[in-house]
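Visitor: Fold the following, please.
(one chain, ligands or ions: 1)
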Amino acid sequence: MQSDKPATMCPTSLINELPPLALDEKAISEDFRRYFNRTLGRDKHHCTYHYLYEALAYTIRDRLMERWKNTRDAYEKSHARQTCYLSLEFLMGRALGNAVLNLGITDAVTDALYDFGIKLEELADSEHDAGLGNGGLGRLAACFLDSCATLQLPVMGYGLRYDYGMFRQEIRDGFQVEEPDNWLRDGNPWELERPEFTQTIKFGGHTETHREQDGSVTIYWNSCDDVLAIPYDIPVPGYGNDTVNSLRLWKSTSTDEFNLEEFNAGDYAEAVAAKNDAEHITMVLYPNDASENGKELRLRQQYFLASASLLDVMRRWEEVHDRDFDGFTDKLCFQLNDTHPSIAVAELMRILIDNYDLGWDKAWGIVTKSMAYTNHTLLPEALEKWPVQLFEKLLPRLLEIIYEINARFLAEVSNHWPGDADRIRRMSIIEEGEVPMVRMANLAIIGSFSVNGVAELHSRLLVEDLFHDFYELWPEKFNNKTNGVTQRRWLLMCNPLQSKLMGKYIGDRWVTDLEQLRTLSTHVDNPEFRQGWLQVKQSNKKKLADLVEEECAVRFNTEAMFDIQVKRIHEYKRQILNVLHVIHLYNRVKRGDCDNWTKRCVLIGGKAAPGYAMAKMTIKLINNVAKVINNDQEVGDKLKLVFFPNYRVSAMEIICPGADLSEQISTAGKEASGTGNMKFMMNGAVTIGTLDGANIEIREEVGDENFFLFGLDAAEVKEMRKDYNPTAIIDGDDDLKAVMQLLQSGHFNQFESELFNPIIDSIYNEHDPWLTAADFRSFVDAQERVAEAYRDKERWTRMSILNTANSGKFSTDRTMLDYNADIWKLKPTSPE
Ligand code: 26Q
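Guide: Residues are numbered from 1 along each chain as shown. Prediction:
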């Protein structure tokens, strides 16, 4: 077998002489035909959208391929400093439309397809979403990659290639049912397998200490169950600039070796079955967006990603620098997307010490100058912890290293606060107790030179509360990086009508410089522009209404206000508060309190973690309330409510352009940032929201008069908890009382008695952490102001325009420039 052997030399004529592929209609048309007929071998009997999509995907991929190689060469040649973005989630969505857009060949492709009587949109629509994430954190990683490629920053994404992404949500009888998401079934034209860069990852086994003759100590991690990590690379094209960065996703597989002892003892089947464990590591994405504590497979996933990625970086490092690690931290930086990959802190120590013989202090200096950690949550219960015992079994060498990091760290704490035992207990990486735990956030903070939150309020609360001890020790580590979204996908691609209209008035520089949108406000008094704006929104609402009708069998009247809340289902996000308001509107119709009525179509969508009973019950409640309201003749088109099933990236691309009102109604102090709020704002929706997460900054940018504020702020929430009396609040508010009475009467669960008791009880509970009853009055009043504003077409249109005009801050281009200025310090590098 010679197949794996490198040819004696790679002829330059083979790799260097390729002329770049043309981007015109003719070249694209020819390639498309060739791929369909020859590479795919299809004919008139198999002319499905899927094969047409595939043929076009290959046509586009070829054009990315040469730019990809040039980008790699440019980074290599210039020895560019690089950031590795480590994340268990990359919620990429669809790739085709984005690649066409970023290559700037939308017209050429559209025309080429037109000659065959095919629409680009229809092909793009048959692509499966890459749903390798839960929600905000995963989509943020995807937006970051788009912005880094556009800014020509040498940033590489490292993640896992799950066979099954986020589950598909079906609604049966009003309940969520999870179906597996077999997204790779029809193949994935966007990935390139790189078996030549396979890494071996160790699990289990035990450590042995050897004293060498020179007195030094070497530690061996032996008898491990090895697992192979095979990388798959996905191109990440920049907008209009010939840069194509990489997302490297690892797939786990077993080694070819069997456990020889079992094998020789005749346990052939057992020996083969053991291989299964290895294959399972990257089988499925965990569908929880708060930590699912203690699951062994999840810890395996986290270590698998961290180890494979770091070993890959080391392989590349050695190619240039051999085993010399001076200068390592000048060239490399690792950004940890939450604590999920934070075992990388200990793993980099292990690799430097065990594989490259560095001393502790040298290795620790490298780790703490290259790791940076981003936190995404304020819920203390969501901070990741792992049982020490599990670590001991799965990653014995890493536990030793963590103990050593901790011992040295606690000595420092003791030195700083002599005799403060409480502080030592709080700051220790190890939580003592019946089941001792490893606290991953503490490990991440101790091992990183930068710790950031994702919105101003969030970052402030981190240093005031959650991480206060660490802030007192190392104030210089802590910083804020307000989130963003990429305007290429979330405006240019998903809202072509608004983009075109804006182009007519302010040009298209906003595509790479979102602050340019500010110029829109100079046209806000122009009736012609406002008319155009209104028409765009109408068309987008029509498109959304069609989708809603298809998915929910309910017709939205496009004259009505489209009131939308899409996000993961969570108590702190308070979908229940939204439902209470809808029930209140229903009550008003039923009692004839309809003067100056504003028609509303309310859409709620999002997935519940499969084990989160309250969240699943919330979905059922929304569906039951919707059924009653939508079938009530008296209500008619005054009010509609739907639960939109299987909310995902490609659905949001149709939902956010069609929204009038964006619901951002979390309990203040709980939503780290939110990013859906930014997508809605860019697309001209007005926000009703609490002073939470990035809402605060959105309101600052757009001005109080263009934002509907309600509810307690974070400080008032804290205060209110001290003696919260929801029963008194409900009794003192006739509207809320009527809503609760209707709920309790079983009106929405006629044949399912008691079904919603847990939800009702939670609202009445004095310990309700989400203070739903406390914010009801203020929410309903704000909604009344919204309704009034919407009735005034001209006023609403102004507000809508000004929301888009003032959304410039919320581009991930700005976010990435901030990360780069304060943390990464990368030099933009162009492939030319
Ligand atoms: C952890 C351990 C085990 C299993 C699952 C998890 C897990 C997975 C995903 C924990 C959390 C997540 C996702 C969190 C998330 O999406 N957070 C959101 O991040 C956004 C981007 O910063 C913010 O805008 C949102 O406010 C925040 O909720």
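Visitor: hang on, isn't Lys638 packed against Asn596?
Guide: No - if you go by CB atoms under 8 Å, Lys638 and Asn596 don't touch, sitting 11.9 Å apart. Heads up, the C-betas are built off the backbone N, CA and C, glycines and all.
Visitor: Please compare the two by neighbour count and tell me which comes out ahead.
Guide: Taking other CB atoms under 10 Å, Lys638 and Asn596 do not tie; Lys638 has more neighbours (19 against 8).
Visitor: host element of the residue of the stretch 501-650 of the chain found nearest the ligand?
Guide: At 7.3 Å from the ligand, Arg568 is the closest residue in the stretch 501-650 of the chain, using CB to the nearest ligand atom. Following DSSP states H and E, there is no helix or strand that holds Arg568.
Visitor: I'd say it and Asn134 touch.
Guide: Yes - Arg568 is within contact range of Asn134, at 6.7 Å (criterion: CB under 8 Å).
Visitor: Quickly list what's touching both of the two.
Guide: 289, 607 (CB atoms under 8 Å, 6 or more residues apart in numbering).
Visitor: which residues does the residue of the stretch 501-650 of the chain closest to the ligand contact?
Guide: Arg568 makes contacts with 134-136, 289, 606-609, 615, as judged by CB under 8 Å, 6+ apart.
Visitor: of these, the lowest pLDDT goes to which?
Guide: Within the contacts of Arg568, pLDDT reaches its minimum at Asp289, with 90.
Visitor: what's the weakest-modelled helix or strand in the protein?
Guide: Least confident element among the helices and strands of the chain, by mean pLDDT, DSSP states H and E: helix 260-264 (a mean of 67).
Visitor: Report how many residues lie close to Asp525.
Guide: Using other CB under 10 Å, Asp525 has 9 neighbouring residues.
Visitor: The residue of the chain positioned farthest from its centre is in what secondary structure piece?
Guide: No residue in the chain sits farther from the centre than Gln213, which is 51.3 Å out by CA atoms, centre = their mean. Per DSSP H and E, Gln213 falls between elements, in no helix or strand.
Visitor: now swap in Gln565 and tell me
Guide: Using DSSP H and E, Gln565 falls within strand 561-566.
Visitor: sorry, back to before: apart from its chain neighbours, what residue comes closest to the residue of the stretch 501-650 of the chain closest to the ligand?
Guide: Gly135 (4.6 Å; CB to CB, 6 or more residues apart in numbering).
Visitor: try Thr374
Guide: Ranked by CB to CB, 6+ apart and with sequence neighbours excluded, the top spatial neighbour of Thr374 is Asn452, at 5.3 Å.
Visitor: what residues are up against that neighbour?
Guide: With contacts taken as CB under 8 Å, 6+ apart, Asn452 has the following neighbours: 372-375, 459, 478-481, 823.
Visitor: and of the residues you listed, the nearest to the ligand?
Guide: Proximity of the contacts of Asn452 to the ligand (CB to the nearest ligand atom) peaks at Thr374, which lies at 7.5 Å.
Visitor: Tell me if I'm right that the closest one and Val454 touch.
Guide: Yes - look at Thr374 against Val454 with CB under 8 Å: they come within range, at 6.8 Å.
Visitor: quick one: which of those two has more around it?
Guide: Set Thr374 next to Val454 and count neighbours by other CB under 10 Å: Val454 wins out with 29 against 26.
Visitor: ok, that one to Gly674 distance?
Guide: As for Val454, its distance to Gly674 is 9 Å (criterion: CB to CB, to the nearest Å).
Visitor: Show me which residues of the stretch 401-550 of the chain sit near the ligand.
Guide: Residues of the stretch 401-550 of the chain lying near the ligand by CB under 6 Å from any ligand atom: 454, 483.
Visitor: of all of the stretch 401-550 of the chain, which residue lies closest to the ligand?
Guide: Val454 (4.1 Å).
Visitor: any idea whether the nearest residue to that residue once chain neighbours are set aside is helix, strand or coil?
Guide: Excluding the flanking residues, the one nearest Val454 by CB to CB, 6+ apart is Ser673, at 4.1 Å. Assigned with DSSP: H, G, I helix; E, B strand; the rest coil, Ser673 falls in the coil class.
Visitor: re earlier: what's around the residue nearest to Arg568, how many residues?
Guide: When neighbours are counted by other CB under 10 Å, Gly135 registers 19.
Visitor: Next, give phi and psi for it.
Guide: Dihedral pair for Gly135: phi -170, psi -130, per degrees, to the nearest 10.
Visitor: Can you tell me which residue of the stretch 201-350 of the chain sits closest to the ligand?
Guide: Relative to the ligand, the nearest point of the stretch 201-350 of the chain is Ser291 (3.5 Å; CB to the nearest ligand atom).
Visitor: What of the chain?
Guide: Gly136 (2.9 Å).
Visitor: Test my guess that that residue contacts Ser673.
Guide: Yes - contact criterion CB under 8 Å: Gly136 and Ser673 qualify, at 7.4 Å.
Visitor: more crowded one of those two?
Guide: Neighbours were counted for Gly136 and for Ser673 using other CB under 10 Å; Ser673 has more, 27 against 23.
Visitor: show me the contacts for the more buried one.
Guide: Ser673 neighbours (CB under 8 Å, 6+ apart): 136, 376, 454-455, 458, 482-483, 693-694.
Visitor: and what of His79?
Guide: Per CB under 8 Å, 6+ apart, neighbours of His79: 320, 331.
Visitor: Can you pull the residues that touch both of Gly136 and Ser673?
Guide: Residues touching both Gly136 and Ser673 (CB under 8 Å, 6+ apart): His376.
Visitor: about what we covered before: for the helix or strand just after the strand holding Gln565, name the packing helices and strands.
Guide: The helix or strand immediately downstream of strand 561-566 is helix 575-590, counting by DSSP H and E. Judged by 3 or more CB pairs under 8 Å, 6 or more residues apart in numbering; DSSP states H and E, the packing partners of helix 575-590 are strand 600-605, helix 613-630, strand 639-644, helix 734-744, helix 757-764, helix 772-791.
Visitor: Tell me the buried residues in helix 575-590?
Guide: Using 16 or more other CB atoms under 10 Å as the test for burial, helix 575-590 gives 575-586, 588-589.
Visitor: Also stretch 547-566?
Guide: 547-548, 551-552, 554, 556-558, 560-566.
Visitor: Without its sequence neighbours, what residue ends up closest to Ala108?
Guide: Closest residue to Ala108 apart from its sequence neighbours, by CB to CB, 6+ apart: Glu25 at 4.7 Å.
Visitor: That neighbour: how many residues sit nearby?
Guide: For Glu25, the count of nearby residues is 18 (other CB under 10 Å).
Visitor: Model confidence at it, what's the number?
Guide: Looking at Glu25, the pLDDT reads 96.
Visitor: which residues does it contact?
Guide: By CB under 8 Å, 6+ apart, the residues touching Glu25 are 108-109, 111-112.
Visitor: Make CSV from the contacts of Ser673 and add secondary structure and distance to Glu634 to it.
Guide: Formatted as CSV, those follow (DSSP: H, G, I helix; E, B strand; the rest coil; distance: CB to CB, whole Å):
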residue, secondary structure, distance to Glu634
Gly136, helix, 39
His376, coil, 45
Val454, coil, 45
Ala455, coil, 43
His458, helix, 44
Thr482, coil, 46
Asn483, coil, 43
Gly693, coil, 38
Ala694, coil, 40
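Visitor: Drop anything exposed from the residues you listed.
Guide: Applying 16+ other CB under 10 Å to those flags 136, 376, 454-455, 458, 482-483, 693-694 as buried.
Visitor: Return the set of buried residues in stretch 75-83.
Guide: For stretch 75-83, burial by neighbour count (16+ other CB under 10 Å) applies to 75, 80-83.
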